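[1] Okay, predicted coordinates and the sequence, questions at the end:
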Amino acid sequence: MTRLAVEGLAVHYGAIRALHDVSFTVEEGEMVALIGANGAGKSTALWTLAGQIGELGGRVVAGRVRYGDADLLAHSAAQIVRRFGLALVPEGRRIFGNLTVLENLRLAAYTTPDAAAVARALDRAFGERILLGMGTLTRPEQAAEALDAGARFLVSPVTDEALGRAMAATGLPIMLGALTPTEVWRAHQLGSDVVKLFPGSAVGPEYVKALRGPFPDIRLMPTGGVDEHNVGDWFRAGVFAVGAGSQLSPAKLAKEGKFDEITAVARRFAAAITAIRN
């Protein structure tokens with residue numbers, strides 16, 4: 001029984017022809033290797049089968065790729081993983097090259113339909129008009145789903161080695177959560193571009209001043225307990241940025257559709273930050 005059938009596949013990167021008229025099949029229980037010189041198109045073929053070729057700047061100009069009765073070219077990378085169990089494990093030079101094979105497989109297998117659907121919808125609706133990020137990541141598998149959904153940065157409330165490595169492997173800016181000096185330093189060592197100080201309400205701006213002593217070069221971002229009235233105090237204490245959730249967009253106002261009031265709160269936040277920066 002034929003499990004995978006590639007027929008007349010052609011892939012271009014702009015005007016460069018990477019694959020031309022490639023055909024092969026993989027039968028049930030069969031192991032197949034693609035062999036060729038550097039630049040022959042082996043990686044391009046695998047990226048195409050995994051649904052990743054578009055993200056890498058390529059486009060399929062001809063051919064068919066069938067997995068059973070399904071057309072793989074009509075599915076995204078996440079859909080190919082979820083529906084067919086097909087996952088590409090990089091050899092060590094691409095996005096997830098510093099992860100183990102098992103970690104790569106877990107990344108490819110992760111699904112959070114609701115969060116990903118919301119992120120994709122926002123990405124389609126607003127595109128470059130917003131800087132779309134995803135949190136609250138707590139498991140390594142979530143990093144790949146967030147990347148696939150269009151996130152431009154990743155945030156976690158915790159510092160965990162496996163999670164930190166997975167987030168850093170995406171190549172996106174990352175923010176790991178920490179509270180104690182040891183956690184702040186560990187998050188920094190794991191590659192956190194900005195360390196999320198959480199919960200900020202448990203410590204306050206004076207705590208940031210104390211941390212800035214031993215860690216003057218670590219960017220800190222308090223989250224939780226930051227509002228329009230004390231945001232200036234946080235910046236005067238030396239934070240790089242602040243994170244605000246319910247204080248910026250109260251759930252009650254959102255549920256009642258009072259978006260004008262949410263906008264007003266956001267403007268007051270922005271005015272307070274502008275004032276302290278000036």
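    Yep, it's here. Residues are numbered from 1 along each chain as shown.
[2] list the contacts for residue 254?
    residue 262 (C-beta atoms under 8 Å, 6 or more residues apart in numbering). The way it works is simple: take the backbone N, C-alpha and C, and place the C-beta from them, glycine included.
[3] Verify the assumption that it is located in a strand.
    No. With DSSP: H, G, I helix; E, B strand; the rest coil as the criterion, residue 254 is assigned helix and is not in a strand.
[4] so how far is residue 269 from it?
    Per C-beta to C-beta, to the nearest Å, residue 254 is found 16 Å from residue 269.
[5] Tell me where the protein has strands.
    2-13, 16-27, 59-67, 70-71, 133-134, 153-155, 174-178, 194-197, 220-222 (DSSP state E).
[6] Would you mind saying which of those lies nearest residue 238?
    Shortest distance between residue 238 and those, using C-beta to C-beta, is found for strand 220-222: 7.4 Å.
[7] residues contacting residue 61?
    Going by C-beta under 8 Å, 6+ apart, residue 61 touches 10-12.
[8] again, 10 Å this time
    The contact partners of residue 61, by C-beta atoms under 10 Å, 6 or more residues apart in numbering, come to 9-12, 17, 19-20.
[9] Now residue 57: phi and psi?
    When quoted as degrees, to the nearest 10, the phi and psi of residue 57 stand at phi 90, psi 10.
[10] Nearest residue to it in space, please, no chain neighbours.
    residue 13 (5.6 Å; C-beta to C-beta, 6 or more residues apart in numbering).
[11] My guess is the one you found contacts residue 48. True?
    No. Contact status for residue 13 versus residue 48: not in contact, 11.6 Å apart, counting by C-beta atoms under 10 Å.
[12] which residues are common contacts for the two?
    Looking at what touches both residue 13 and residue 48 (by C-beta under 10 Å, 6+ apart), the common residues are 19, 56, 58-59.
[13] For the longest helix along the chain, name the packing helices and strands.
    As assigned by DSSP state H, the longest helix anywhere in the chain is helix 259-277. The elements that helix 259-277 packs onto, with contact taken as 3 or more C-beta pairs under 10 Å, 6 or more residues apart in numbering; DSSP states H and E, are helix 231-237, helix 251-255.
[14] The ones you listed: which one's closest to residue 128?
    Among the helices and strands packed on helix 259-277, helix 251-255 sits nearest to residue 128 (C-beta to C-beta), with 24.3 Å.
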